[in-house]
Every structure is written in structure tokens, then in C-alpha cells.
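**Student:** sequence first, then the predicted structure:
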Amino acid sequence: HSLAELMLKKAERAKYDNEFSTYIDEVFSLCTTLITKFPNQTHSYHTILKAINLKLERVLDKLDNPSIGRMMKDAEKYFLLAKQYDPNNQYILEAESKFNEILDKKSNALIILQKTFESHKSSPFICLRYCNLLEKTGHSETAISVVQESLNLNPHDKDLNFKLAELLSKSATVKIEEILHYLRRSFTKGDSRFLAQFWYARALYLNNQLPESKELFSGIESARLDPVVKRTPRGTIKVNGVPVVFEGEIFKLFYNYGFVKRNKFGDTIFFNTTEIDDSYLRTGQPVMFNIAFNFKGAIAINMKQKSK
């Protein structure tokens, strides 16, 4: 990995195209080898994404559409792979931010991506990058249509199914069953697409398929991921952007954690006592809370004593 970073530095200082290409190709070769051997380590993803950003700046200046298409495919491929292992990795997010910044500098970036997509509709990676820019510029409905068009050509592509489910989940009019359909097609049971499995398990929970949700969460709980990633709450249940407030009572209480039984549903949900004011905590205490999820399942957050 250190050698790949050294080659990247040399590429940054290269004055001539052939010299630049030699160093960049070496970065790609070294990083792809490392990724094959150690797919859950994000250092190599970060380096190869920096190389893609560096190369993208050059091909955009030359308006080289075939090269732009290849860069889009490579970028989306490695962003997706890295995020499956660590969706909140600071370095990967910085690389994606830089990638978007490079595109933003080009006033015709959307047109470039549109033309690239029109020539490569069967390419999931190009579709996804085009879709992300559409979404960012407020064209969510168009983004949905673009993904559906590409999905018609690649009905079994897991990344496209996952992206369509993600887009549909942001719409208040789409039924959870439709989102579940696409999420289920975004992974194969037992594979390493842990993020897709996480969101599918969460959607099952929202659809009150609690045993199925619990089973899937039990499977991804042992995933070989950074413990911080696995225990960080995300995916708070919201309606119209506002966290839903649930009610229940303390069911079990231990030294630094406990379980709350949710009213109306009767399921028990984990909570961490170190993150709340525990002065009122006791078994049977009525409480209000929001629900988020980590890789173990539902977790009660923002818990407060229920007002009388």
C-alpha cells in the first residue's frame, strides 16, 4: 500500500501524459491486488479512488467521453465496494466528496454524464453515478426513471436494485412492499453485501415482519466489520422527515444497558443506559423513545421518561 501511495505522488507530479499513465496504471495494479487479498480493508479503496479522481480531472479537461465512461464505471465500482464494508469511512466519503467537487466544477457535468449514460445504458456503474448527480441536483424522479431503465437491461444487478430501493424509500407515496422487493434482490444470502442486508432487515422490521428481521440481523451481527460501524445507530424511523416517537416501558435493566417493551407491538428493544439520563430508570417505568438500528437490530435512542 505504501508503494501505491508513492506511485500516486509521482503521478501527481508528472508533467507528461505517458509518464502520468505509467504511474497511475501502477497504482491501479497494486491496489486491485491488495483489494483482492484484503477486501475488508479500506486503505486500498481510498488510494485507488484518489487515483481515479486525479485521472478524472485530466480526462474531463480533454472531453474524452470513452475515458470519462471508464472513469465513472471504476469510481462507482470502488465506492460501492468500500461502502459495503464501511459506509461511514471518513476517507472514502472525502474521496467521494472530491469526486463530486471535480464534476461540480464542470458546468456541463450533467450533460456529460447523460451522454455517457445514453451510450452505456447497460452499465450499472455509469447509471449509478449519473443517478447520484441527478439526485443531488434535485431531479429525483428522473433518477428513478434512469435506474429503472438500466434495471430493465440488468434485472439481477444488485447495485441497481439497492439504489432503486434507496430512491423509493425517500418517497412518501411508495409502499414498503415495493422497497422490500428491490432490497431483497440487492444481495444473496450469506454474501458480503452487509449494507444491503442491513437495510433489508430494517425494512422487514418496518413491515412488522419481526422474526424475519431478527433472523437477518443475527446473521450480519457477526460480519467482519469495524465494531464501531456495527454498533453505530442509523436509519432512524421517521415520517415526513420527523423521528417517530414510540412509547413503552422498561422491561429489563442491567448495569449499562437494558430492554424496553414497545406498546402495541410487544417487542423488546435494546437501549444503552450510558447515553441517557438514567436517574429515573427502573423496571416498569413508562418511557418515550425513537428507534434506530445497528447491525444487531433495533435500538431505542433519545429515551425520556413519559410525562404524566
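**Tutor:** Great, that's in hand.
**Student:** how about the strands in the stretch 151-300 of the chain?
**Tutor:** Counting by DSSP state E, counting those that start in this stretch, the stretch 151-300 of the chain has strands at residues 238-239, 242-243, 246-253, 257-262, 268-272, 286-294, 297-305.
**Student:** okay if I get those strands as JSON lines plus mean pLDDT?
**Tutor:** Shown next, in JSON lines, are those (pLDDT from 0 to 100):
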{"stretch": "strand 238-239", "mean pLDDT": "91"}
{"stretch": "strand 242-243", "mean pLDDT": "95"}
{"stretch": "strand 246-253", "mean pLDDT": "93"}
{"stretch": "strand 257-262", "mean pLDDT": "94"}
{"stretch": "strand 268-272", "mean pLDDT": "93"}
{"stretch": "strand 286-294", "mean pLDDT": "95"}
{"stretch": "strand 297-305", "mean pLDDT": "93"}
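**Student:** wait, which of these is closest to Tyr78?
**Tutor:** Distance to Tyr78, taken as CB to CB, is lowest for strand 286-294 among the strands of the stretch 151-300 of the chain, at 25.2 Å. The C-beta positions use only the backbone N, C-alpha and C, and glycine is treated the same way.
**Student:** what does the closest one rub up against?
**Tutor:** 198, 201-202, 205, 230-237, 243-250, 260, 269, 271, 298-306 (CB atoms under 8 Å, 6 or more residues apart in numbering).
**Student:** redo that, cut-off 7 Å
**Tutor:** Contact with strand 286-294 is made by 202, 230-237, 243-250, 260, 269, 298-306, as judged by CB atoms under 7 Å, 6 or more residues apart in numbering.
**Student:** okay, the strands of the stretch 151-300 of the chain in TSV with mean neighbour count and distance to Lys163 next?
**Tutor:** Shown next, in TSV, are the strands of the stretch 151-300 of the chain (neighbours: other CB atoms under 10 Å; distance: least, CB to CB, whole Å):
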stretch	mean neighbour count	distance to Lys163
strand 238-239	10	20
strand 242-243	12	25
strand 246-253	17	30
strand 257-262	19	31
strand 268-272	18	29
strand 286-294	20	20
strand 297-305	20	24
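**Student:** format the ones you listed as CSV; extra columns: distance to Pro155.
**Tutor:** As requested, the strands of the stretch 151-300 of the chain are exported to CSV (distance: least, CB to CB, whole Å):
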stretch, distance to Pro155
strand 238-239, 30
strand 242-243, 35
strand 246-253, 37
strand 257-262, 37
strand 268-272, 36
strand 286-294, 28
strand 297-305, 30
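**Student:** give the contact list for the residue nearest to Val244 when sequence neighbours are not counted.
**Tutor:** Nearest residue to Val244, sequence neighbours excluded (CB to CB, 6 or more residues apart in numbering): Ile237, at 4.8 Å. Counting by CB under 7 Å, 6+ apart, Ile237 touches Leu206, Pro243, Val244, Asn290, Ile291.
**Student:** tell me the one of the residues you listed nearest Glu57?
**Tutor:** For the contacts of Ile237, the nearest to Glu57 is Pro243 (40.2 Å; CB to CB).
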